[in-house]
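K.L.:
Provided below for reference: sequence and predicted model.
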Amino acid sequence: MVVCLISKCTKKQNMESIHQTLNFIAQLRGYTDVSDEEDGRLEFSNEDSSRKLVVLFTQAEVGKSDVHAHLSTLEEAQATEGILVVPRKITAGALKEAQRHPVPIHVFLHTELAFNVMTHEYCPSYEVVPVEKHAAVFSTFATADKLPRIRKEDPVARYMGLQKDTVVKVVTPSDITTSAVHYAVVV
């Protein structure tokens, strides 16, 4: 009996951590308004409601045939981007189907959201560089192909919802000297 109570408590705390991380991710992506969770989904929108992030939770394993139901839910909700939170890795076929969908979708495991990697004291701060400032970055530092790379599968890129060819400014704090600034491109 005690084991059941502990596991329920741990699951509740884990879900609270996941919700806090999802709120952080939504804020990183520019979403401010959140709806209450219902039917295993959260919806976030920006100030003028022109963009909508829909987060879908599932406890079941997701295969290629299952992912279509989740994709249609995103379409029905008129999402501009989506996050699918799953307990275990989804199949390669399901992931491929999700990546083909016109709405950008990121898949996260429950365990990946239980701890917010972006708030760790040693995690640098990241800022997306607007396209109109890319020329200044390239003239000062290097061309895009000579910048350090961040893979789209990197946790930071997934948290921020970064797409290919996005340039980010990375500021690494230092206790000894001034903060180090460099730029990287998403591949």
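P.N.:
Cool, the structure landed.

K.L.:
use CA for all of it now, contacts and neighbours both
P.N.:
Fine.

K.L.:
now the most centrally placed residue in the chain: which helix or strand?
P.N.:
The residue lying closest to the centre of the chain (CA atoms, centre = their mean) is residue 159, at 2.7 Å. Residue 159 is part of helix 155-160 when elements are defined by DSSP states H and E.

K.L.:
quick one: contacts of the next helix or strand after that helix?
P.N.:
For helix 155-160, the following helix or strand on the C-terminal side (DSSP H and E) is strand 167-172. Residues from elsewhere that reach strand 167-172, judged by CA atoms under 8 Å, 6 or more residues apart in numbering: 123-130, 134, 179-186.

K.L.:
tell me which other helices or strands whichever helix or strand comes after strand 167-172 touches.
P.N.:
Using DSSP H and E, the helix or strand that follows strand 167-172 in sequence is strand 180-186. Where contact means 3 or more CA pairs under 8 Å, 6 or more residues apart in numbering; DSSP states H and E, strand 180-186 is packed against strand 149-150, strand 167-172.

K.L.:
what's the closest of these to residue 79?
P.N.:
Of all these, it is strand 167-172 that lies closest to residue 79, at 24.6 Å by CA to CA.

K.L.:
list the buried residues for that closest one?
P.N.:
Under the neighbour-count criterion of 16 or more other CA atoms under 10 Å, strand 167-172 has 167-171 buried.

K.L.:
could you give the angle of it to strand 180-186?
P.N.:
Angle of strand 167-172 versus strand 180-186, following axes from the mean of the first three to the mean of the last three CA atoms, to 10 degrees, is 150 degrees.

K.L.:
how far out from the middle of the chain is strand 167-172?
P.N.:
Centre-to-centre, strand 167-172 and its host chain are 17 Å apart (CA atoms, centre = their mean, to the nearest Å).
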